[in-house]
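**Student:** sequence plus the predicted model coming up.
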Amino acid sequence: MKMRNPPVNSLSLEFLTELLISLEKLENDKTFRGIIITSDCPGIFSAGLDLLEMYGRDPAHCAEYWKAVQELWLRVYLSNLVVIGAINGISPAGGCLLSLSCDYRVLANNPKYAIGLNETLLGIIAPFWFKDVLVNTIGHRAAERALQLGFLFPPSDALQVGIVDQVVPEDQVQSTARSVMAQWLAIPDHARQLTKNLVRKPTADRLLQQRDADIQNFVRFISRDSIQKSLHVYLEKLKQKKG
Ligand SMILES: CCCCCCC/C=C/C(=O)SCCNC(=O)CCNC(=O)[C@H](O)C(C)(C)COP(=O)(O)OP(=O)(O)OC[C@H]1O[C@@H](n2cnc3c(N)ncnc32)[C@H](O)[C@@H]1OP(=O)(O)O
């Protein structure tokens, strides 16, 4: 599955909806056993959640958006398919969450690429379920530092901390993802799926038990003047960077 939402594969409501529909089709088609998620935008896996869906929007829109973000996470995280991330570009925040929700992550060895939950750099906070997935992946102490400091790990550090499973030359990302897929598909589906569910369900359940409260919490938080101001400053910074 090649994500194509130029210029930066930001996860807009429209794009999230498209991804959800595609994933549902694949999940329900029993001829598919696995998917490789990668990007069609050069140098960018995904710039994460679309800031324009959270900036200057009314509460109803923010609630609709957040529900779709939750939905995408639950669908990828709990998918019965083998999900491999072929991460061929930078992958901050929501892009990192998407990567962390895969069963295995292969990152291209390019010093321009980085991956991490950088929310604090925007003046916002990674929700508890983003945090849970990071803690599950890299451990409590490493997650504590990474989250507070908004680390975006370049490839060698990403491998060292375990936020990705493999770093390979850029031209080998897709072939490596395919070899990894073959290895995972050698396991009987029912055994692998039940085991995946056993490991992941408690984390997903934490959100499933309080989805509405999580949406309300998001809307309250994102609507605060101070948070809207932080988003404004960050968006301006992105514009100014262009010169
Ligand atoms: C209790 C709950 C609390 C709230 C929880 C919220 C959780 C949030 C999760 C997130 O995912 S927030 C988003 C985090 N993402 C980022 O920090 C990445 C920001 N973008 C970049 O750093 C760069 O754009 C890039 C990805 C490194 C690419 O750089 P490049 O130089 O190639 O392109 P740009 O000129 O910077 O960007 C082109 C164009 O795209 C716009 N844009 C970039 N990122 C986003 C985004 N995430 N959302 C919306 N739009 C984005 C950027 O502003 C440019 O727009 P134009 O100026 O061309 O209009």
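**Tutor:** Now that the structure is in, tell me what you want to look at. Residues are numbered from 1 along each chain as shown.

**Student:** what's the closest non-adjacent residue to Gly34?
**Tutor:** Leaving out its chain neighbours, the residue that sits closest to Gly34 by C-beta to C-beta, 6 or more residues apart in numbering is Val82, at 3.5 Å. In this view, the C-beta of every residue, glycine as well, is placed from N, C-alpha and C.

**Student:** how near is that neighbour to the ligand?
**Tutor:** 25 Å (C-beta to the nearest ligand atom, to the nearest Å).

**Student:** next, give phi and psi for the nearest residue to Gly139 once chain neighbours are set aside.
**Tutor:** Of all residues beyond its chain neighbours, the one nearest Gly139 is Gly162 (7.6 Å), with distances taken as C-beta to C-beta, 6+ apart. Here is the backbone geometry of Gly162 (degrees, to the nearest 10): phi 90, psi 20.

**Student:** Gly162: how many residues sit nearby?
**Tutor:** Gly162 has 13 neighbours, counted by other C-beta atoms under 10 Å.

**Student:** surely Lys30 forms part of a strand?
**Tutor:** No: going by DSSP: H, G, I helix; E, B strand; the rest coil, the assignment for Lys30 is coil, not a strand.

**Student:** any idea of the pLDDT on it?
**Tutor:** What the model reports as pLDDT for Lys30 is 93.

**Student:** for Trp129, which residues are in contact?
**Tutor:** Gln70, Trp73, Thr203, Arg206, Leu207, Asp214 (C-beta atoms under 8 Å, 6 or more residues apart in numbering).

**Student:** ok, and the closest non-adjacent residue to the third one?
**Tutor:** Right, Thr203. Of all residues not flanking Thr203 in the chain, Asp132 sits nearest, at 5.1 Å (C-beta to C-beta, 6+ apart).

**Student:** repeat that for the last one.
**Tutor:** Closest residue to Asp214 apart from its sequence neighbours, by C-beta to C-beta, 6+ apart: Leu207 at 6.2 Å.
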